[in-house]
Each structure stands twice: as C-alpha cells, then as structure tokens.
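> Requesting a structural model of the entry that follows:
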Amino acid sequence: MREMGRRARAAARVVALAPASAKNAALLAMAAALAEAAPAILAANAEDVAQARAQGATTAFLDRLRLDDKRIAAMADGVRTVAGLADPVGAVMDAWTRPNGLLIERVRVPLGVIGVIYESRPNVTADAGSLCLKAGNAVILRGGSDGFRSSQAIQAALAAGLRQAGLPEDAIQLVPSRDRAAVGAMLAGLDGNLDVIVPRGGKSLVARVQTEARVPVFAHLDGNCHVYVDKAADLAMAKTILLNAKLRRTGVCGAAETLLVDRAAAPAMLAPLVAMLLDAHCEVRGDRDTQGVDRRVKPATEEDWATEYLDAIIAAKVVDGVDGAIRHIERYGSHHTDAIVTADAQAAETFLAQVDSAIVLHNASTQFADGGEFGFGAEIGIATGRLHARGPVGVEQLTTFKYRVHGSGQIRP
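Down below sits the predicted model:
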C-alpha cells in the first residue's frame, strides 16, 4: 500500500501538468477500452453476482452490484462526457488588482492523490477514475470485496486507455487485495501520499472513515430522502414524482425513503398515493393516519423515520404543512436530498430555503440526485457535509485553488 501511494504521488505530478488534450485523449481511449472489454467485465461481474447471491445478498444489493450491456455502455458514455467537460485545472476563478499594483488571481489546481473507498458499485471504478484524471489528480481505488472481480476488469480497461494516451497507469490504481487492512492503511494516509479520502458506502464504512482517517474526508452519508406532498400539489404530478422517486431504482442513494403528506391534503391525496405504492409492490410503513387509509399499511416505528431502506419499502407520515415537513426532515433526515411537490411558490421557497440538505428539489424526483443529471458527466458521490464539496462531487469539486500574485517589484513597507 505504501508503494502504491508513492507511485500515485509520482503520477499525480505528471497528470497535474498534463494538457487538457492529453487527458481527454486518455479519457476517450478509456471509454473505447471499456466498450471493448464488455465481455470480460460481464464475465467477472457474473462471478461476483453469483458469489453475492450464494451469500444471501438482498435484491437491492444485487441490483447495485449487477452490470449488463446497458450499464457498461452508460459507464463508457459517462467517461466520454467527462472528456467533453471544460478542464478545471488552471481556470482563473477570480482576479483583482490591489492599490499597490499587485495582480492577484485565484486559480484552480488539482487536489493531488485521492483515495476512494466504496462498496458494491463497480461502476464507481470508472466514474471515480475518469473524474479524478480530468481534474489532474491520481486516484487509489479500494472497491468492495463483493465487486472485486468486476472492479479489476474495469480498472484494466482504464489502464489500457492511459497507456494508449501516454499517461502513467499509476494515475488510476486499484487496491489488489480484499484485505480490510488496506482500508486502514489508506486511512492512515499512506505516508503522507493521500490528500483526501472519499468514502462511498453504508453507515458503518463512513463512520469508520470519519473516525479513523488522518486525512480530510468528503463524507457521503446515507440517503434518507423525503418527498413532501403539499396541500397545493397536483395529485397526478405527486403520484408520478413519488413513484419515480421511490421505485425507479430502490438501491440508489437518491431513492425516496419517506413520504410526508400535508394534513390539509391528506383527505384527498393520502389514500391514492399510498394505494399506488402498495399496488406497485412497495411496502408502506405508516403512522396512524396512514394506516387508516389502507389496511395493507404496516405500523411505522421510530426507527423507520431515520432508515435508508434501499429497497421497495417506504415510511409515510402526515405532517402539519410545510413547517411540519421541515421539522421532520431536520430531525430524521441525512442532509442528502429532499423534494417538495406543490403549486404554491411561497411554500416551495420556504422549503428550498429552510431544508438543510445538499440537494433540495421543487416538483422533481429525488432520483435526480446524480452527477450525470447535474451535467457533471459522473460523480464520485453525494457529499453531505458542509466543507469544500457539497452535493454531487464532480470535476470541479476535485480541485482546490491557489493564489498567483503578479508584481512589478513591489515590496511591503
């Protein structure tokens, strides 16, 4: 692991100075290599899925792990999109001239070497590798043991693209071991060679990283996402948004986990919303009001309000207007992604201003919590902290800045 860190640091110095044309050539070659390697990636993934199934993995877990031709094509398209993004490195964020004639510029620069620790989503290998390269960084990837073979096959394609473009393969490395001690080595900083760590996984992984890391962390916490249906909502719109937010893909962090319904809207809207979910084979765990509209609803516990199910299960509750929704989200939410459905502009403005989440939406599905949907090409994760990066972590969020000061002989009196 220490040797990987040293090699990554050396590679980072090269890619930090690489022109945009070289990085883009590598990214396009990586996308082509991913498409060409699809049979090998699918074969490796089939082994991972078979092993996970034999170990009793849930349906939602298998969905996150499983790859197919469409998902591999989407990975390759994501890498191509990253190639088409503006190069953030060297961009002048601001500039001003002081009274003494000094010209000061704030300029984007790479972070350096990024460690990404993730679970069960082999596509993160391609997303993280391409984003870090575009931002002029080297990256050390430590994928979950459940997707080990898949990640190896994907990283091999990325390495082939780097070779073709003449950039160091060490710019995108994958930890070649399932040993959990490798995570500990990364958290210790690899002798000062890691500049930041991005964890992407369950609560236990993120908690360990935040507790043990000796380098800065971009926290990607659980996605306990809410959809609040206001009294001024259009029922047809609310049904469409809720169904997509919960069931489009239940295993993604932007999937809705709690439905909140305005008490003033409940007589007309609660029953049809709940029936729609139940008829779509989604389990509903509700408060007394929700249980009263359909006997198929199971009683919700206190724990349900704070649970990220990542499955076809949703908690449902009646609240006292937008203020009640905000109070519930503040108490139980994870500051990830929350949505309001309403035609009332003032209610929407109140919700968007007061809900303290990385992403807040008005009349749109929570499943838009995705770097690709934001135009970032891809993402490493959704940062739910408040420092440096928040929301989808894309190319710009993988840079920092420095100041360039231009003088003409000035000295300080």
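
> Where do the helices of the stretch 201-350 of the chain begin and end?
203-212, 235-247, 266-279, 288-291, 321-332, 345-354 (DSSP state H, counting those that start in this stretch).

> Report the buried residues of the first one.
For helix 203-212, a neighbour-count test (16 or more other CB atoms under 10 Å) marks 205-206, 208-209 as buried. Placement of C-beta: from N, CA and C, glycine included.

> among those residues, which two are most distant?
206 and 208 (7.4 Å; CB to CB).

> What about the closest residue to residue 290 other than its chain neighbours, how many residues nearby?
The spatial neighbour of residue 290 that comes closest, neighbours along the chain excluded (CB to CB, 6 or more residues apart in numbering), is residue 316 at 4.4 Å. Using other CB atoms under 10 Å, residue 316 is surrounded by 26 other residues.

> wait, isn't residue 316 in contact with residue 266?
No - assessed by CB atoms under 8 Å, residue 316 is found out of contact with residue 266, at 10.5 Å.

> what sits up against stretch 183-195?
Under the criterion CB atoms under 8 Å, 6 or more residues apart in numbering, residues 1-2, 4-6, 8-9, 111-115, 117, 140, 142, 175, 197, 208-209, 212-216 lie in contact with stretch 183-195.

> and the host helix or strand of residue 131, C-alpha only, in PDB?
Using DSSP states H and E, residue 131 falls within helix 123-134. What follows is helix 123-134, C-alpha atoms only, in PDB (Å, rounded to 0.1, in the frame of the first residue of the first chain):
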ATOM      1  CA  ASN A 123     -19.300   1.500 -11.800                       C
ATOM      2  CA  VAL A 124     -17.700   3.800  -9.300                       C
ATOM      3  CA  THR A 125     -14.400   2.500 -10.500                       C
ATOM      4  CA  ALA A 126     -14.900   4.100 -13.900                       C
ATOM      5  CA  ASP A 127     -16.700   7.200 -12.600                       C
ATOM      6  CA  ALA A 128     -14.000   8.000 -10.000                       C
ATOM      7  CA  GLY A 129     -11.100   7.200 -12.200                       C
ATOM      8  CA  SER A 130     -12.300   9.400 -15.000                       C
ATOM      9  CA  LEU A 131     -13.300  12.400 -12.800                       C
ATOM     10  CA  CYS A 132     -10.000  12.300 -10.900                       C
ATOM     11  CA  LEU A 133      -8.000  12.200 -14.100                       C
ATOM     12  CA  LYS A 134      -9.900  15.100 -15.600                       C
END
